[in-house]
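Enquirer: below is the structure, and that's it, no one-letter string:
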């Protein structure tokens, strides 16, 4: 008898719990900002999210790292509580994505937050390198154009830097870099390798005719030991470079900045990697970082305006802000002021050519 | 004659006896060897995790004489708004400058300020908030050191020169000075148990993930156990044996083997996109894990129902009990221990799962501790994964410490299950 009533009680309370849960769902209006997007922007948005919630009364935004493309899909799904408010992107939004957004009734506010620079560096004890993107491509690609000048590909024959370009030292090609899972590797392939690869007209012509073949030629890195995958830890690469003066390493600019006593950045296309050259885009291996905000959510989800204010505050994205400490290259001061103003006015992005 | 044959038989048996004994010995030897291998593997795993993670339970702290100077803070009274904008970092900086008055130059000063965690200002804010009378006063506080400092201090106990990493020689000199005067100590790391995630290792904690895990498991248990047991009872005791029930059985067995990420996709399509439930919520996580654990619970519940001797049912029927009474009064209590075992195995599986949660947004950076099943949250294995992926060295030990917490939760759950089973078990 007792047991039976106990069973009933359990059943009743389980049902009650379910009803409460169901009613909660119906009532809950989201009170936290939801951020998705690029894993390159993730370290910066999370820092701002944390600081923002500590400095204000708002809940900490929830930040998911979904990749730029995945983030755009979630973000452009539509307007409503179950869609993301902000997405991070390590490239500018594409026309097709903007159309998808607008088609779903999403008005987009663009915020450029800074730059990300990738450097090729070697030990301070060695001679500094002066490279072009073409040199980088020829030294590191899996297949390179036939050195005899014909429009065919051969497996990379170059053993030393001098083979690639007679002005370079006769050192063995030895480059330490991140593994394929890394975003830095993707950006390096896209900016440095592809930049050099495009210099060959017949390869560049493939971009429109056979996009996959073009990508394979430009992005595949050699696997015969000249490129050494050194893991995701950039500190490790820095220490290995210090011990081996003949090797070059690939890592984010922030590590060069913090280890200026041990390593020096190679000059690429005549530009030294410095804070300024990356910020004014004259250094070729750098890319802008963006966050995109859903305008329709701004006064619906609490705190979006204040979050943007924190992001575009000098103490965050300024030259000495905490984002620079985490490795982001700030925008030039004038550009920062302009972006901050646009953000305050919440100017909608309608046409990519406008900027 | 007969004697002869008997002796012959005996001899033959004895001749084979040695080899039979030997075979048994070898078999036992294999058994012991495999158990020893298992124990060794567990020991190695535990030593590795504990030796790496134990140091996460202490944290270097620095003693500072801080002065809550209204001018420095930029406020004249203590209320919500002025506290939000008060310059607590400035207070900490001037305390550091006072401690090391001979540090000049911008670069050196920046170096000096980075001794202390950049979350320390928030600790001061909390202190002032709880005790407004401190405004204008000065007091001695212990604040968390920066993670680079912490890593260096901890490495000093392993080797004499320690691991400098990003710490400069000058900073190391300050640290040595502070240690000698007792102003830098390793103290118990309460932050690890009271905070949610953070991008600064010294401020990161396990609490949000732990609470998230418990909430998710609660939803899973509340749904999957009653549904699973009810389904098992119906299929085993009431359902007719025909093509349809066979089909259902085959499907349940198949579902038990479906990769968990599939359930995540299903959850995204049904619960989030169709029913418009919130992303990153333990409610949705629990629902998805319910789908995942249901087959396990149904299969084990049916097995334990099957193991109840038919004589019990027949005796109850003979006494005039209805089929419902037979099941609820006699069969279910006897099968309960087995069902609980199945449920616990299912829960343990759900506790360690990350793949299905990826799709529904629970693999995320969560700082706030969730208060209900619709608050955004993450779970322990996800927290471990996120920390293992972080570049900061101080996250290495925290990863291992989080694994220790996860194991502790698991052991507690299993102990409960064993205890419940012992209590409920009936022998006949």
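Expert: Structure received. Note that the coordinates shown come from a computational prediction; the quantities given were computed from them, not determined experimentally. Numbering: from 1, shown residues only, chains lettered A, B, ... in the order given.
Enquirer: how many residues are close by residue 52?
Expert: This is for chain A. Per other Cβ atoms under 10 Å in any protein chain shown, the neighbour tally for residue A:52 reads 24. From N, CA and C alone the C-beta is placed, and that goes for glycine too.
Enquirer: other chain: chain B
Expert: By the criterion of other Cβ under 10 Å, residue B:52 has 17 neighbours.
Enquirer: so what's it closest to, chain neighbours aside?
Expert: Among residues not flanking residue B:52 along the chain, residue B:400 sits closest, at 4.0 Å (Cβ to Cβ, 6 or more residues apart in numbering or on different chains).
Enquirer: show the contacting residues for the one you found.
Expert: B:48-50, B:52-53, B:56 (Cβ atoms under 8 Å, 6 or more residues apart in numbering or on different chains).
Enquirer: from chain A, how far out is it?
Expert: Separation of residue B:400 from chain A (Cβ to the nearest Cβ, to the nearest Å): 17 Å.
Enquirer: contact partners for residue 317?
Expert: Chain wasn't specified; assuming chain A. Neighbour list for residue A:317: A:113-114, A:311, A:323-324, A:328, A:330-331, A:336 [criterion: Cβ under 8 Å, 6+ apart].
Enquirer: chain B was what I was after
Expert: Counting by Cβ under 8 Å, 6+ apart, residue B:317 touches B:323, B:326.
Enquirer: one more: residue B:256?
Expert: By Cβ under 8 Å, 6+ apart, the residues touching residue B:256 are B:295-296, B:299.
Enquirer: domain assignment for chain B?
Expert: Following automatic domain parsing, chain B resolves into domains at B:2-54, B:58-191, B:207-424.
Enquirer: which of those domains sits most buried?
Expert: Mean neighbours per residue, mean count of other Cβ atoms under 10 Å in any protein chain shown, is largest over the domains of chain B for domain B:207-424, with a mean of 19.
Enquirer: flag every residue of chain B that's near chain A.
Expert: Listed as neighbours of chain A in chain B under the rule Cβ under 8 Å from any Cβ of the partner chain: B:80, B:84-85, B:118-119, B:122, B:165-166, B:196, B:198-200, B:219, B:222-223, B:226, B:272-273, B:275-280, B:283, B:328-329, B:333, B:361, B:363-368, B:372-374, B:376, B:391.
Enquirer: tell me which of these fall in strands.
Expert: Using DSSP state E to define strands, the subset of those located there is B:364-365.
Enquirer: low-confidence stretches in the chain?
Expert: In the absence of a named chain, this looks at chain A. Applying pLDDT under 70 to chain A flags the ranges A:1-28, A:181-183, A:232-235, A:254, A:258, A:353-355.
Enquirer: switch to chain B, please.
Expert: Where chain B drops to pLDDT under 70, the residues are B:1-4, B:165-166, B:389, B:391, B:426-428.
Enquirer: longest strand anywhere in it?
Expert: If you go by DSSP E, chain B has its longest strand at strand B:58-67.
Enquirer: off-centre distance for it?
Expert: 30 Å (Cα atoms, centre = their mean, to the nearest Å).
Enquirer: what sits up against the helix or strand following that strand?
Expert: Proceeding N to C from strand B:58-67, the next assigned helix or strand is helix B:70-73, under DSSP states H and E. Identification of contacts with helix B:70-73 by Cβ under 8 Å, 6+ apart yields B:76, B:86-88, B:90-91, B:94, B:135-136.
Enquirer: want to throw these into TSV with secondary structure?
Expert: Shown next, in TSV, are these (DSSP: H, G, I helix; E, B strand; the rest coil):
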residue	secondary structure
B:76	coil
B:86	coil
B:87	coil
B:88	helix
B:90	helix
B:91	helix
B:94	helix
B:135	coil
B:136	coil
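Enquirer: which residues in the stretch 101-250 of chain A form strands?
Expert: A:108-123, A:130-131, A:143-145, A:153-155, A:175-177, A:227-229, A:248-252 (DSSP state E, counting those that start in this stretch).
Enquirer: so which of these is the most surrounded?
Expert: strand A:248-252 (a mean of 26).
Enquirer: neighbouring strands - and their directions - for that strand?
Expert: Sheet pairing of strand A:248-252 (DSSP bridges) gives strand A:108-123 (antiparallel), strand A:175-177 (parallel).
Enquirer: and the contacts of helix B:70-73, which two are furthest apart?
Expert: For the contacts of helix B:70-73, the maximum inter-member distance is 18.2 Å, found between B:76 and B:94 (Cβ to Cβ).
Enquirer: what number of residues lie near the closest residue to residue B:365 other than its chain neighbours?
Expert: Leaving aside its sequence neighbours, residue B:365 sits nearest to residue A:63 (Cβ to Cβ, 6+ apart; 4.1 Å). By the criterion of other Cβ under 10 Å, residue A:63 has 29 neighbours.
Enquirer: thinking residue A:63 is in contact with residue B:364, fair?
Expert: Yes: counting by Cβ atoms under 8 Å, residue A:63 touches residue B:364, with 6.1 Å between them.
Enquirer: before we move on, back to that, of the contacts of residue B:400, just say which sits nearest to residue B:180.
Expert: Nearest to residue B:180 out of these is residue B:56 (Cβ to Cβ; 25.0 Å).
Enquirer: I'd say the closest one and residue B:401 touch.
Expert: Yes: applying Cβ under 8 Å, one finds residue B:56 in contact with residue B:401, separated by 3.6 Å.
Enquirer: list the residues that contact both of the two?
Expert: Taking Cβ under 8 Å, 6+ apart as the criterion, residue B:56 and residue B:401 both touch residue B:192.
Enquirer: can you tell me which helix in chain B is longest?
Expert: helix B:2-53 (DSSP state H).
Enquirer: so how far is that one off the chain centroid?
Expert: Centroid separation between helix B:2-53 and its chain, computed with Cα atoms, centre = their mean, is 38 Å.
Enquirer: quick one on the thing from earlier: nearest to residue B:41, out of the strands paired with strand A:248-252?
Expert: Nearest of these (Cβ to Cβ): strand A:175-177, 34.0 Å.
Enquirer: that older thread, what's the closest of the strands paired with strand A:248-252 to residue A:208?
Expert: Closest of the strands paired with strand A:248-252 to residue A:208 is strand A:108-123, at 26.7 Å (criterion: Cβ to Cβ).
Enquirer: pretty sure residue B:358 sits against residue B:261.
Expert: Yes: the pair residue B:358 / residue B:261 is scored as a contact, 7.4 Å apart, by Cβ under 8 Å.
Enquirer: got the contact list for stretch B:154-162?
Expert: The set of residues that contact stretch B:154-162 without belonging to it, under Cβ under 8 Å, 6+ apart, is B:55, B:60, B:152-153, B:163, B:172, B:186, B:397.
Enquirer: farthest pair within these?
Expert: The span of these, defined through Cβ to Cβ, is set by B:172 and B:397 at 19.8 Å.
Enquirer: mind giving me the packing neighbours of the longest helix of chain B?
Expert: With contacts taken as 3 or more Cβ pairs under 8 Å, 6 or more residues apart in numbering or on different chains; DSSP states H and E, helix B:2-53 sits against helix B:394-424.
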